[in-house]
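S.K.: Quick one, structure for this:
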Amino acid sequence: MPQKPNESPYSLHPAVILVQNWMAKLREKTGKSLEDWIRLTKKSGPSGEKECAAWLKKNHKLGTNEAAWIASRAAGKAIEDFDPDTYLKSAQGFVEAMYAGPKAALRPLYERLLQLGRGLGKDVRVSPCKTFVPLYRKHVFGQIKPTTQTRIDLGLALGRTKTPRRLIDTGGLAKGDRITHRIPIGSLADIDDGVKRWLRTAYELDA
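M.R.: Here you go, the predicted model:
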């Protein structure tokens, strides 16, 4: 469920879209709506979120993600994942919190990297998490993370692409993570033509 134009500077996180699609098909698939499952879990399930998820899997043959989502909602959690409006409001709060206090001086670096990322194409989506801001095309191709009080790490999904020493291997390829390299950014001067070139390379690799 995409957000309305101009409603938020950010896009729905893929996890929210996934949950929305699941909710739309839940009654057809299981015979119960999400509200039905929540009521049943609260009434008959064990105490504890993990215990409820295990109970839903064992007693009601739900999948791992389905059971976890229902157990989480029954416990009053995961609101951001279930409601698009709540996520979009929270997304802005995530960014404000990331660049508050000691990391406030990094905000101009974030804004410049965000501008460059969005400028790569109309298909770029920006969906903040609590500790970093990922950039999506078909998949995550980059992320902006305020790692320390003086440094942002621009993470890039470059796969096996040969890179200069400036790009630090994150170990992502060996671990199966999308982000394979990072570029430390400590000042606006660090956001040079090389950064722009490698950001575009990551974007184009996700075509």
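
S.K.: For the nearest residue to residue 172 once chain neighbours are set aside, give its distance to residue 97.
M.R.: Of all residues not flanking residue 172 in the chain, residue 180 sits nearest, at 4.1 Å (Cβ to Cβ, 6 or more residues apart in numbering). Heads up, the C-betas are built off the backbone N, CA and C, glycines and all. For residue 180, the distance to residue 97 equals 27 Å [Cβ to Cβ, to the nearest Å].

S.K.: who has more neighbours, those two?
M.R.: Neighbours per residue (other Cβ atoms under 10 Å) separate residue 180 from residue 97, with residue 180 holding more: 22 against 14.

S.K.: quick one: that one from residue 40, how far?
M.R.: 43 Å.

S.K.: what's the answer for residue 55, then?
M.R.: In terms of Cβ to Cβ, residue 55 sits 10 Å off from residue 40.

S.K.: So these two - more neighbours on which side?
M.R.: Neighbour tally, residue 55 and residue 40, criterion other Cβ under 10 Å: the higher count belongs to residue 55, 18 against 15.

S.K.: Which element, helix or strand, includes that one?
M.R.: Per DSSP states H and E, residue 55 falls inside helix 49-60.

S.K.: For that helix, list every residue counted as buried.
M.R.: By neighbour count with 16 or more other Cβ atoms under 10 Å, helix 49-60 contains the buried residues 49, 52, 53, 54, 55, 56, 57, 60.

S.K.: quick one: secondary structure of residue 154?
M.R.: strand (DSSP: H, G, I helix; E, B strand; the rest coil).

S.K.: contacting residues for the closest residue to it other than its chain neighbours?
M.R.: Of all residues not flanking residue 154 in the chain, residue 183 sits nearest, at 4.6 Å (Cβ to Cβ, 6+ apart). Going by Cβ atoms under 8 Å, 6 or more residues apart in numbering, residue 183 touches 153, 154, 156, 166, 167, 168, 190, 195, 198.

S.K.: and residue 183, that's in a strand?
M.R.: Yes - assignment of residue 183 by three-state DSSP places it within a strand.

S.K.: Number the chain from 50, please
M.R.: Okay, residue one is now 50; in that scheme the one you just asked about reads as residue 232.

S.K.: which residues touch stretch 167-182?
M.R.: Stretch 167-182 has contacts (Cβ under 8 Å, 6+ apart) with 58-63, 140-141, 143-144, 146-147, 159, 163, 166, 183-186, 192-195, 204, 248-249, 252.

S.K.: quick one, longest strand in the chain?
M.R.: Secondary structure of the chain per DSSP state E: the longest strand is strand 189-195.

S.K.: So which other helices or strands are in contact with that strand?
M.R.: Counting contacts by 3 or more Cβ pairs under 8 Å, 6 or more residues apart in numbering; DSSP states H and E, strand 189-195 is packed against helix 156-167, strand 182-185, strand 201-205, helix 242-254.

S.K.: Quick one: name whatever helix or strand follows the helix holding residue 104.
M.R.: Counting by DSSP H and E, the next helix or strand C-terminal to helix 98-109 is helix 113-123.

S.K.: Many thanks, we can stop here.
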